[in-house]
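J.: The amino acid sequence is not available; the structure is as follows:
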C-alpha cells in the first residue's frame with residue numbers, strides 16, 4: 001500500500017496493516033529486535049517483541065528517516081474509538097525516537113508518549129527526517145522531536161529534544177481539512 005525509503009533501509013506497508021523492512025540495520029531501524037547485524041537483503045516483518053511473536057499491526061502509514069523508522073498505528077481508546085498513535089525505532093542519537101532518554105539504539109518499535117496524551121489525542125500524519133520526527137495531531141497541532149541544531153523542530157529553540165514539542169510552542173495550528 002505504501003513504501004518509504006531511508007538513507008540505507010526500506011519500509012513497505014502491506015494492505016493488511018503489517019510492515020516489512022530491509023536494508024542496513026546498524027541502528028535497529030528494521031524493527032526486528034537486532035542491531036549491528038549487517039545488512040538484511042531479505043524483507044522481514046517489523047515486530048513488537050524480540051521473540052518475533054507479536055507483529056506491529058494496524059499500521060496506516062510509515063516513514064523512514066536517515067537511521068530511524070516511524071509508523072502510524074490505529075488503536076482503540078477507552079471509548080473504543082479509533083486513535084492514531086506513533087511507534088518509532090532505530091537510532092535515538094538526537095532523541096528522534098520520542099523517549100525521555102537520548103542516545104543509543106532502539107531495535108523494536110516503542111510508542112511515543114506525548115505530554116498531552118488525553119483519550120481523544122490522535123495523530124493523523126507522520127514524517128521521519130534526518131535525526132528528527134514530526135507528527136500532526138487531529139486538532140491541527142504539529143509535534144516534533146529529535147535533532148534541532150538549525151531550529152528544524154520549530155519550537156523557538158535550537159536544543160535537541162527527546163520529548164515531543166509543539167511547533168511554535170502551540171501558537172501555530174495547521175489548518176487541516178479532511179478530504180470529502
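T.: Sure, I can see it. None of the values given here were measured: they were computed from a predicted structure. Numbering: from 1, shown residues only.
J.: Now stretch 40-48: buried residues?
T.: Of the residues in stretch 40-48, those scored as buried under the neighbour-count criterion (16 or more other CB atoms under 10 Å) are 40, 44, 45, 46, 47, 48. Every C-beta, even on glycine, is put in place using the N, C-alpha and C of the backbone.
J.: burial count for the closest residue to the last one other than its chain neighbours?
T.: Okay, so that is residue 48. Nearest in space to residue 48, with sequence neighbours left out and distances taken as CB to CB, 6 or more residues apart in numbering, is residue 54 at 4.4 Å. Using other CB atoms under 10 Å, the number of residues around residue 54 comes to 10.
J.: And residue 54, how far from residue 80?
T.: When CB to CB, to the nearest Å is applied, the distance between residue 54 and residue 80 equals 21 Å.
J.: Could you list which residues are in contact with the residue lying closest to residue 107 once chain neighbours are set aside?
T.: The shortest distance from residue 107 to any non-neighbouring residue, by CB to CB, 6+ apart, is to residue 28 (3.0 Å). With CB atoms under 8 Å, 6 or more residues apart in numbering as the criterion, the residues that contact residue 28 are 34, 35, 89, 90, 91, 105, 106, 107, 108.
J.: and if we set it to 7 Å?
T.: Contact criterion CB atoms under 7 Å, 6 or more residues apart in numbering gives 35, 89, 90, 105, 106, 107 as the residues in contact with residue 28.
J.: From residue 56, how far off is it?
T.: For residue 28, the distance to residue 56 - CB to CB - is 13 Å.
J.: and for those two, which residues touch both?
T.: By CB under 7 Å, 6+ apart, no residue touches both residue 28 and residue 56.
J.: Where does pLDDT dip in this protein?
T.: Confidence mapping of the chain against pLDDT under 70 gives the ranges 117, 169-180.
J.: list the contacts for residue 44?
T.: When the contact criterion is CB under 7 Å, 6+ apart, the partners of residue 44 are 20, 21, 22, 30, 32.
J.: so the nearest residue to the last one once chain neighbours are set aside is in which element?
T.: Read that as residue 32. Nearest residue to residue 32 in three dimensions, chain neighbours excluded: residue 44, at 5.5 Å (CB to CB, 6+ apart). In the assignment (DSSP states H and E), residue 44 maps to strand 39-45.
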